[in-house]
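Student: Turn this into a structure:
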Amino acid sequence: MKTKRILSLLLAVILLAGLAVSVNAASFSIPQQPLTTDDGVIKVTASRAGQIAPLILGCNLVGSSNLGASNDDYNKVSSILGVFGSDINANPDPYLYNHNYNFYAADNGLSPVENATIAEEQSEGASASTEAILNILTHRPDLILNQGGGTGNPAANETYSNVVATLPENVDEDAANDYTPSYYTCSISTLVYQCENLKNLADIVNGICAEKGLTTRYGDPHVIATDYDKFVWGYYFYVQKQLAEGGIAKKSVAVVGNTEDEGANWTLPAIGTDVKQSKPNRLVEYVRDNTNTLNTTEETTAALADILACDVVIANRNGQVLRSAAAAAGVDEDKLPLIIDTLPTCLYGMIMQTHENALGIPYIQSIIYGDEIDLNPVYAAAYYYQNFFHITDEAALQETVSTLLEKATLPQGVTTSLNLYDPKAIEEILVSGITYALSNGLKRHDDPDAWAPDMTVGIGAGTVIEPQAKTYADVAENAWYFEAVKYVTAKGLFQGVGNDKFDPDRDMTMAELLQVLYRIAGNADVKIEGEPWYTGAKNWAIENELITESKFKQDEIIDRETFICMLHDTIALLGTYDMSETADITGATDYDKIDPENVDAIAWSVAVKLIVGTSADSLRIDPAGSVTRAQTATMLMRYYQHVG
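Tutor: Predicted structure coming up:
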């Protein structure tokens, strides 16, 4: 292996700090030649930890309100440059690469490259200034990514959109040259939100690429995001499977925070909750549910004796304090619980809010159950960096993992060697966990809905998984709508109303209909903090002209004619089904009650078996009649069975 160049100061601070691999020209060293940029790749601006997501998906990061470190010296360049902006990457971001090169150029009296990432410093919690935004927008990104609440919001960010409106091309008289970027705001406060937002962001990116004829650097972002979701939760449910099927007792675990009395008492950080989107303590989030943890939904304290009675203690950076306190209390070293006190090196740390948190569950839980479940945290890390940070050179991957986990706590007998690493074996673990979760309708932490990853692409694609049918207390097996309710629930078009009920006889409301149509169009449910549950579906429907803001009334009962027309228009939006099917409905008993503008949609609905009439002897549309949840489920099942 060639001599490595170690970038000082980075190793102890940020992700691939100081790592400089020089194998087959793959190196984290500062580039000494610039790269040519490709205008065919989507360009994004993002801030702080939010930068990781678009880079994972293969976007070019052309602007940033922070790059994680000072820009005045290349020895302080943030680690994302080392991963995505150097030769270590299979296909580096040329803008980040050139940003990194410009430090070398300045240090050696060379001219800087203009096509480089624009990085502006921004104080924590402060909005970027107008001057900073103008600079960040130099390369005119296609997407402006911000962080906020919930699982996604494509509304324009006013801080940026107000500046965009003042740009020269937007104030001249030529509308053809206007700069109109897309916007997306998402949250990475919990692992559930991280996964959902990465998938939503992938859809946004794919939409922009399709509209503008652009591409990304690592293949389909949807596949990458789907695989990320499977990586995080496949491990999580695999551990659950082993515990349940192997008769393995849950380990008792304490995640400790600070101590103010030399270890006599310890702070226990709170678990937090996904559905309320409170920011949890990351280390607690990594161990919840699969262990018996002392930590609760509220921050508490525990005495040293309670801590030492656990099987495992996670004491990040406080391991020596804990050991010293135990020794002072007369506890023998061989009586101590397993103490995890050093973690893999990450950009913002494994305890912060970033998409690097994907390593948390496989790393921590494999150590906790290392003596009973065959899981190797080193191999999990290798798979993560290989597939999501796109480090594909074998020697470079080995050097990366060795450096990142050099000082991290590892199970007894486990080293950082990748000699026996097999990515296929990792995927077998993931598929096993995924299958177990889907076949048992399991949830991710306190997510209200059962986990439903996309099994048509990526890890485990084509795997035959038969989910158990969702049952409801108010849907009897002999009910005429039983099979329909089971069908639409399994397809993810409907959910219950809580308390294991479906409420089949209740009339559909406008908000409920839009939510169903939103799911039919392939969208994941969006939860926006502080907003009603239907906000994402409503915004989507208005954007696609299915309804106007003035006509939206959430609790208004939907009539059959409106339902049919909106379903017709939604399926037409997809562009994947034949919309030419029609039927002669002039003989319907209430044909004269149909709005002439809606006759074609009604005729289509009869042709595709949505409507078969509400009486036995003749076709009756009943356009003004309401439609219940059970009737909606039945019509949708008929349609999908018809189109096959």
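Student: buried residues in stretch 576-585?
Tutor: Neighbour counts over stretch 576-585 (16 or more other C-beta atoms under 10 Å) mark 582-583, 585 as buried. In short, each C-beta sits where N, CA and C put it, glycine included.
Student: same thing with stretch 623-638?
Tutor: Neighbour-count burial for stretch 623-638, counted by 16+ other C-beta under 10 Å, picks out 623, 625, 627-638.
Student: Let me know the closest of those residues to Glu399.
Tutor: Looking at these and their distance to Glu399, the nearest is Leu636, at 53.0 Å (C-beta to C-beta).
Student: Can you read off the pLDDT for the closest one?
Tutor: Note on Leu636: pLDDT of 91.
Student: Pull the number of nearby residues for the closest residue to it other than its chain neighbours.
Tutor: Of all residues beyond its chain neighbours, the one nearest Leu636 is Val488 (5.5 Å), with distances taken as C-beta to C-beta, 6 or more residues apart in numbering. The local packing of Val488 (other C-beta atoms under 10 Å) involves 27 other residues.
Student: helices or strands up against the helix or strand containing Val488?
Tutor: Following DSSP states H and E, one finds Val488 within helix 482-490. If contacts are counted by 3 or more C-beta pairs under 8 Å, 6 or more residues apart in numbering; DSSP states H and E, helix 482-490 sits against helix 629-643.
Student: what does the helix it packs on contact?
Tutor: If you take C-beta atoms under 8 Å, 6 or more residues apart in numbering as the criterion, helix 629-643 is touched by 479-481, 483-485, 487-488, 491, 493-494, 502-508, 512-513, 516, 520, 563, 567, 577-578, 608-612, 627.
Student: do stretch 488-499 as well
Tutor: 449, 452, 467, 469-470, 472-473, 485, 502-503, 506, 516, 519-520, 629, 632-633, 636-637, 640.
Student: ranges for the helices of the stretch 201-350 of the chain?
Tutor: Along the stretch 201-350 of the chain, counting by DSSP state H, counting those that start in this stretch, helices occupy 221-245, 282-287, 304-308, 319-328.
Student: Looking at the ones you listed, which is nearest to Pro362?
Tutor: helix 221-245 (4.2 Å).
Student: Name the residues of the closest one that come out as buried.
Tutor: So, applying 16+ other C-beta under 10 Å, buried residues of helix 221-245: 221-243.
Student: Then stretch 246-262?
Tutor: In stretch 246-262, counting by 16+ other C-beta under 10 Å, buried: 250-251, 253-257, 259.
Student: Would you mind splitting the protein into its domains for me?
Tutor: Annotated domains of the chain cover 43-147+153-186, 227-439, 482-643 [automatic domain parsing].
Student: Mind putting these into CSV with distance to Ser29?
Tutor: Rendered in CSV, the data for the domains of the chain read as follows (distance: least, C-beta to C-beta, whole Å):
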stretch, distance to Ser29
domain 43-147+153-186, 7
domain 227-439, 12
domain 482-643, 40
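Student: could you point out which element follows the least confident helix or strand in the chain by mean pLDDT?
Tutor: When each helix and strand of the chain is scored by mean pLDDT, DSSP states H and E, helix 79-84 comes last, with a mean of 66. Following helix 79-84 in sequence order, the next helix or strand is helix 94-107 (DSSP H and E).
Student: contact partners of that following helix?
Tutor: So helix 94-107 is contacted by 30-38, 43, 55, 60-62, 67, 71, 73-74, 77, 80-81, 84-86, 110-113, 115-117, 119, 139 (C-beta under 8 Å, 6+ apart).
Student: Same question for stretch 176-186.
Tutor: With contact meaning C-beta under 8 Å, 6+ apart, stretch 176-186 is reached by 50, 53, 140-148, 150-157, 160-161, 164, 167, 169-170, 193, 197, 200-201, 204, 207-208.
Student: Make a PyMOL selection of the buried ones in these.
Tutor: To isolate the buried ones among those in PyMOL, judged by 16+ other C-beta under 10 Å, type:
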select buried, resi 50+53+141+142+143+144+145+146+147+148+150+151+152+153+154+156+157+160+164+193+197+200+201+204+208
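Student: sorry, back to before: farthest-apart pair in the buried residues of stretch 623-638, please.
Tutor: Going by C-beta to C-beta, the pair spanning these furthest: Pro623 and Met637, at 21.3 Å.
Student: and the angle from whichever strand or helix holds Leu438 to helix 221-245?
Tutor: Leu438 is part of helix 423-439, with elements assigned from DSSP H and E. For helix 423-439 against helix 221-245, the angle by axes from the mean of the first three to the mean of the last three C-alpha atoms, to 10 degrees is 70 degrees.
Student: Excluding chain neighbours, what is closest to the most centrally placed residue in the chain?
Tutor: Centre of the chain computed as the mean C-alpha position; nearest residue by C-alpha atoms, centre = their mean is Cys195, 2.0 Å away. Distance criterion C-beta to C-beta, 6+ apart; nearest residue to Cys195, sequence neighbours excluded, is Asp229 at 4.3 Å.
Student: what's near enough to touch the one you found?
Tutor: Contacts for Asp229 (C-beta under 8 Å, 6+ apart) come out as 195, 198-199, 453.
Student: Adding pLDDT and secondary structure, write the residues you listed out as a markdown table.
Tutor: Output for the contacts of Asp229, formatted as a markdown table (pLDDT from 0 to 100; DSSP: H, G, I helix; E, B strand; the rest coil):
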| residue | pLDDT | secondary structure |
| --- | --- | --- |
| Cys195 | 91 | helix |
| Leu198 | 92 | helix |
| Lys199 | 93 | helix |
| Pro453 | 92 | coil |
